[in-house]
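**Student:** Take this sequence and fold it.
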Amino acid sequence: LLDAHLVTLLTRRSCVPEMFVCSWLRDLWIQDCDYEALGELVGFNIDDLHQLQLPVKLPKGAATVLYVRIRSICEELQTNKNMTHSALLRALFPHKSASSDKHT
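**Tutor:** Modelled structure (predicted):
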């Protein structure tokens, strides 16, 4: 079964997927600022940062995809709070589980 604390968090009426995404983006921004400060302290140059893939560059639409997936997880858990990890993945990605079933 999924972690009870996580299920409670994601099924509360106050659960707002937008807040998860905003918090995640904020944490990425803070991490980038920390890396930038560390780079100045250590003496990273632009090539070093590029090699380290900093600052973090998200693919276009990543925040939207994350939002939609979190919303879908919340909706699935509203219908069944006792889901297993595999049941949740099958519900969220039915086309992938159908194709993996063909290979077993």
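**Student:** Can you tell me how far Ile70 is from Ile46?
**Tutor:** Here Ile70 is placed at a distance of 35 Å from Ile46 (C-beta to C-beta, to the nearest Å). The C-beta positions use only the backbone N, C-alpha and C, and glycine is treated the same way.
**Student:** I meant to write Glu75 there.
**Tutor:** As judged by C-beta to C-beta, Glu75 and Ile46 stand 44 Å apart.
**Student:** Neighbour count for those two, which is higher?
**Tutor:** Taking other C-beta atoms under 10 Å, Glu75 and Ile46 do not tie; Glu75 has more neighbours (14 against 8).
**Student:** Pull the contacting residues for that one.
**Tutor:** Counting by C-beta atoms under 8 Å, 6 or more residues apart in numbering, Glu75 makes contact with nothing.
**Student:** Just the element for it, please.
**Tutor:** Assigned by DSSP states H and E, Glu75 belongs to helix 62-79.
**Student:** ditto for Leu2
**Tutor:** Assigned by DSSP H and E, Leu2 belongs to no helix or strand.
**Student:** Check the gap between Phe93 and Ser86 for me.
**Tutor:** In terms of C-beta to C-beta, Phe93 sits 11 Å off from Ser86.
**Student:** More neighbours: which of the two?
**Tutor:** The neighbour count for Phe93 versus Ser86, taken as other C-beta under 10 Å, is higher for Phe93 (14 against 9).
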